[in-house]
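**Q** sequence first, then the predicted structure, then my questions.
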Amino acid sequence: MKTLKDLCLDCLMNNLRGNISCIVRCLATVHKEILLERLVFHDRLTPDYLPHVTYNLFSSTIRRINFYKCTQVTDMVLEQLNYSQCKITHLTISDCKSVTDVGIVWITKKQTCLEYLELRKLHQLTAKAFVNLCSPCLRTVKLRTCNKINTEAVQMLLKKVDSVEELALTSCKRLDDSVIAVICHHLGPSLKDLNLRDLYTLSNSSLILLANHFPNLISLNLHGCSRITDEGVNQIVRKCTSLRDLDLSYCTGLQSKPHSTSLTNLPVTLQQLSLVGVMSDDTQLITEAVKRLRALKSLRLCGIPAVNDESLNEMLCSIGPFLEKLDLSGGLMSPLTDDGISAISRHCTKLSFIGLSMLKQVTGTTLMPLLQDHRRAQMLKTLQLGCFKLEPDVLFIISTQCSALEDLQLSGVQAVNDEFLITVAKCCLSLKYLSIKACREVTDAGICALAQYCLLECIVLSGVSNITDKSVYALANGCPYLKEIYISGCSKVTRPAVRYLVNACIPRVNFEHRIPNADPDPSSSFDDFNAAQPHPIATTQYTDYI
C-alpha cells in the first residue's frame, strides 16, 4: 500500500493548477524533485498542465533531475528548466525521444556544480550536445546506447571536463577503437572506473595504451570486447595492480592456452571477476586462474565448459569461504551436477547471492545443508535457481528459511505453486524481484498473497496462463513501487487491467504483454494510460487466500 507521504505527494501532483499550488512552492527541494520525477513518469507534462509544473516546481533550488522514458520531455522543457537558474548536481535523462542536442546544450549551460551526468537511449545526440559543459567538479559520465555518439562527441565532452573519475561508454554503435586515444589524451590518473562494454573494435594496442595511462584503475569492464587477446589483457593485469573489479565476459580471445596466460596472472587484489561466456574447455587454466584470488567476493563463471564438478570443488576449496556472490548459471550443455553443487554447501559460508539457473542436471538437493543452516540461509539475498529439476523439498526449505530474500528467480520450475508462493509471501517480506516464468501451477491465489505481503518492484509472470485481472489489480494496489511486469502469454489478463496498474504505481511501469494468436483490438490502446478508471476489484483485500 502507498504510504501517507506518497498519497500526499499524489494529491499535490494532481492539483498543481488549484489553490494547493501555494503549498507546492513552499515544499522542500527533495520533495519538489520527487514530484517532478513522478510527473514525468506519468506523462503529465501536457501542454495544458506544463505551465503549472514550471511555475510551481522549476526553481533555483532544484539539484537532481531524473527524466525517464517520456516523449513530453522536450528541448523546450529543458530550456525552461535552465531559465529557473537551478544548480543541478545530478542529471539523468533516459529514453526521452524528443530530446536533441539543443536540449542538452540548454540544460548544461552554466551548470558549474554538475557532478553526475547520465544520458541513455538518446539517439539524436551528437558532439554538439556537449558544447556548454563547464563543470569543474564533474566526476561521473555515463553514455549508454546513444547511437550517434562517436569519437568526436567523446572528444568534445572530455575536453570540457578533466575531472572525470568514472566513465561509461557502453553500447554506442558509432564508437570505435579511436576513442581510447581520446580518453588517454584528455583524462589523467584520476580515472578509476572505466566501462567499455560492447566496444567490439577495441584492440590490443588500445588496451596497452589504457594500461600505460591509467595504472590506478579500480574497475574495468571489457564485456563483449571480442578482439582483445592475451597480449592486451596481460598489460592490464600487470600495470593496473589496484584493480578490484574486472569483467572479461565474452572476451572470446581468451579461451585456451597458450593464449590465456593473462588469466593466471590476474591481480590478487580482485574482489569481483566475471568470465561469463569465455568458452574455455581448459579446466586447469580456469581453476588455476581463480583459486589464487583469495580476495574475491564476487565470481561469475556462467556457461564455461571447463567448470565441472571437480574443478568447482577445487576452486571453492580455496576461495569459497571468502565469496559473497557466486553465479554458475549456464547453458543446457553445462557439465555441472548435484555433486559439484555440494561444494557450495561445504565451502561457502558468506554467500548472499547464488546463481544456478539453466543447469539441467541439478536438482538442488545438495544445497540443502546450506539452506538448513539458519545463519547462512539468513544471509541469502538473491537466489537464481531456474533449474528444471529443482526438487519440491528444496523449494520448501527456501520458503521457510531464507527470510531475507530480495530476489528470487525460479523460471521454469514446475514444482512452484500457490502454496509455495503464499509461504514465500509470509516469510520473505523483503522480496522485491520475482521470476516464475512458465510456472503453470500458479494462479491468482499465489500472486494476490505476494501483493499483500511484499513490496515487489519487478515480477515475471510470462507463460503463467492461469492468472487473471485479479492478480494485476492486486499488484496495482499492493505494490505501489512496481517498475516492471512481464505477462506475455497470460491470455486472461486484459488491457484495461494493465492500464490501471500503470496508472496506480508510482514509478513508470515497463510492461510486456503479448498474446500469441490473439485477435487485434484497435479500441484497446496504451497511448492514453490516464484513461483507465479505478476498477471495483481494486479495493478488495485478498485475505481469503492467506
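**A** Great, that's in hand.
**Q** what's the first helix or strand after the helix or strand of the chain with the lowest mean pLDDT?
**A** Lowest by mean pLDDT, DSSP states H and E among the helices and strands of the chain is helix 21-24, with a mean of 79. The element immediately downstream of helix 21-24 (helix or strand, assigned by DSSP states H and E) is helix 29-41.
**Q** can I get that following helix in PDB, CA atoms only?
**A** Output in PDB follows, covering the C-alpha atoms of helix 29-41 (Å, rounded to 0.1, in the frame of the first residue of the first chain):
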ATOM      1  CA  THR A  29      13.700  20.800  -2.500                       C
ATOM      2  CA  VAL A  30      13.800  17.000  -2.200                       C
ATOM      3  CA  HIS A  31      10.000  16.800  -2.500                       C
ATOM      4  CA  LYS A  32       9.900  19.100  -5.500                       C
ATOM      5  CA  GLU A  33      12.400  16.800  -7.200                       C
ATOM      6  CA  ILE A  34      10.300  13.800  -6.400                       C
ATOM      7  CA  LEU A  35       7.200  15.500  -7.700                       C
ATOM      8  CA  LEU A  36       8.900  16.400 -10.900                       C
ATOM      9  CA  GLU A  37      10.200  12.900 -11.400                       C
ATOM     10  CA  ARG A  38       6.700  11.400 -10.900                       C
ATOM     11  CA  LEU A  39       5.100  13.900 -13.200                       C
ATOM     12  CA  VAL A  40       7.500  12.700 -15.900                       C
ATOM     13  CA  PHE A  41       6.800   9.000 -15.000                       C
END
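**Q** pLDDT weak spots in the stretch 151-300 of the chain?
**A** Counting by pLDDT under 70, the stretch 151-300 of the chain has low-confidence residues at 255-260.
**Q** can you give me the strands for the stretch 51-200 of the chain?
**A** Secondary structure of the stretch 51-200 of the chain by DSSP state E, counting those that start in this stretch: the strands cover 64-68, 90-94, 116-120, 140-144, 166-170, 193-195.
**Q** what do you get for the stretch 251-400 of the chain?
**A** Counting by DSSP E, counting those that start in this stretch, residue ranges of the strands within the stretch 251-400 of the chain are 272-274, 298-300, 325-327, 353-355, 382-384.
**Q** tell me which strands the last one pairs with, and in which orientation.
**A** Right, strand 382-384. Using DSSP bridges, the strands paired with strand 382-384 are strand 353-355 (parallel), strand 407-409 (parallel).
**Q** who wins for proximity to residue 234 among those?
**A** Comparing the strands paired with strand 382-384 against residue 234 with C-beta to C-beta, the closest turns out to be strand 353-355 (28.9 Å). (Glycine included, C-beta is placed from N, CA and C.)
**Q** who touches that closest one?
**A** Residues external to strand 353-355 that are found in contact with it (C-beta atoms under 8 Å, 6 or more residues apart in numbering): 298, 300, 302, 324-329, 344, 367, 380-385.
**Q** quick one: closest of the strands of the stretch 251-400 of the chain to residue 497.
**A** strand 382-384 (28.7 Å).
**Q** quick one: contacts of that closest one?
**A** Outside strand 382-384, the residues touching it (C-beta under 8 Å, 6+ apart) are 325, 327, 329, 352-357, 398, 402, 405-409.
**Q** which helices and strands does the least confident helix or strand of the chain pack with?
**A** helix 50-57 (3 or more C-beta pairs under 8 Å, 6 or more residues apart in numbering; DSSP states H and E).
**Q** and the helix it packs on, average pLDDT?
**A** Mean pLDDT, computed over helix 50-57, is 93.
**Q** just the CA atoms of it, as PDB, please.
**A** Taking Å, rounded to 0.1, in the frame of the first residue of the first chain, the C-alpha atoms of helix 50-57 are listed here in PDB:
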ATOM      1  CA  LEU A  50       3.100  22.100 -18.200                       C
ATOM      2  CA  PRO A  51       2.700  25.900 -17.300                       C
ATOM      3  CA  HIS A  52       1.600  24.800 -13.800                       C
ATOM      4  CA  VAL A  53       4.600  22.400 -13.500                       C
ATOM      5  CA  THR A  54       7.100  25.100 -14.500                       C
ATOM      6  CA  TYR A  55       5.500  27.700 -12.200                       C
ATOM      7  CA  ASN A  56       5.400  25.500  -9.100                       C
ATOM      8  CA  LEU A  57       8.400  23.200  -9.500                       C
END
